[in-house]
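Student: Provided below for reference: sequence and predicted model.
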Amino acid sequence: MDNKIFKIVFIALLGLSALLSILFMLDVVSEGLLINWCYILLGIATVSAIVFSLMNMIKNPKKAKSALIGIVALLIICGIGYVMAGSEEHIDLEGNILADAATSQKSEGGLIAFYILAFLAIASIVYAEVSKMFK
């Protein structure tokens, strides 16, 4: 029964998306409506991903433990990036503020976390390949 409901909702959203796309091409609706529809679809996808992940975690607590370890590790890496980031205010030549101290620290922290994660990904690939050579 639930599977039929999901299929009906999926077909309805897909049909409405196709209709809006056709109406946009015919210049009947504006791009603002199409962008808002994309935001709605993004919200539906986000809520669905979170709800179904939580439902799966409740059903399988042992698998949830490994997922939570990954989430905690990701939060620790993001925290390390945030702590390592500087908080300088960026100003252009005309004196306009491009980024205040808080925004600068958040964006630089995100970049540092990205660099850490990229390094860990590359290191894990190299480790996997080298360990295969010795087996």
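Tutor: Sure thing, it's come through. Numbering: from 1, shown residues only.

Student: in which helix or strand does the residue nearest to the spatial centre of the chain reside?
Tutor: Central residue check for the chain by Cα atoms, centre = their mean: the C-alpha nearest the mean position is that of Thr46, 9.1 Å away. Assignment of secondary structure by DSSP states H and E places Thr46 within helix 31-59.

Student: and if you look at Gly86?
Tutor: Counting by DSSP H and E, Gly86 is part of no helix or strand.

Student: circling back to that earlier point, same for the helix holding Thr46, what does it pack against?
Tutor: Packing contacts for helix 31-59, counted by 3 or more Cβ pairs under 8 Å, 6 or more residues apart in numbering; DSSP states H and E, involve helix 2-25, helix 61-84. Placement of C-beta: from N, CA and C, glycine included.

Student: export the first one to PDB, keeping only CA atoms.
Tutor: Meaning helix 2-25. Output of helix 2-25 as PDB, limited to C-alpha atoms (Å, rounded to 0.1, in the frame of the first residue of the first chain):
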ATOM      1  CA  ASP A   2       2.800   2.500   0.900                       C
ATOM      2  CA  ASN A   3       4.600   1.700  -2.300                       C
ATOM      3  CA  LYS A   4       1.600   2.600  -4.400                       C
ATOM      4  CA  ILE A   5       1.200   5.900  -2.500                       C
ATOM      5  CA  PHE A   6       4.900   6.800  -3.200                       C
ATOM      6  CA  LYS A   7       4.500   5.900  -6.900                       C
ATOM      7  CA  ILE A   8       1.400   8.100  -7.200                       C
ATOM      8  CA  VAL A   9       3.100  11.000  -5.400                       C
ATOM      9  CA  PHE A  10       6.200  10.500  -7.600                       C
ATOM     10  CA  ILE A  11       4.200  10.500 -10.800                       C
ATOM     11  CA  ALA A  12       2.200  13.600  -9.700                       C
ATOM     12  CA  LEU A  13       5.400  15.500  -8.900                       C
ATOM     13  CA  LEU A  14       7.000  14.400 -12.100                       C
ATOM     14  CA  GLY A  15       3.900  15.400 -14.200                       C
ATOM     15  CA  LEU A  16       3.600  18.800 -12.500                       C
ATOM     16  CA  SER A  17       7.400  19.400 -13.100                       C
ATOM     17  CA  ALA A  18       7.000  18.500 -16.800                       C
ATOM     18  CA  LEU A  19       3.900  20.700 -17.100                       C
ATOM     19  CA  LEU A  20       5.700  23.600 -15.500                       C
ATOM     20  CA  SER A  21       8.700  23.100 -17.800                       C
ATOM     21  CA  ILE A  22       6.500  23.100 -20.900                       C
ATOM     22  CA  LEU A  23       4.700  26.200 -19.700                       C
ATOM     23  CA  PHE A  24       8.000  27.900 -19.100                       C
ATOM     24  CA  MET A  25       9.200  27.100 -22.600                       C
END
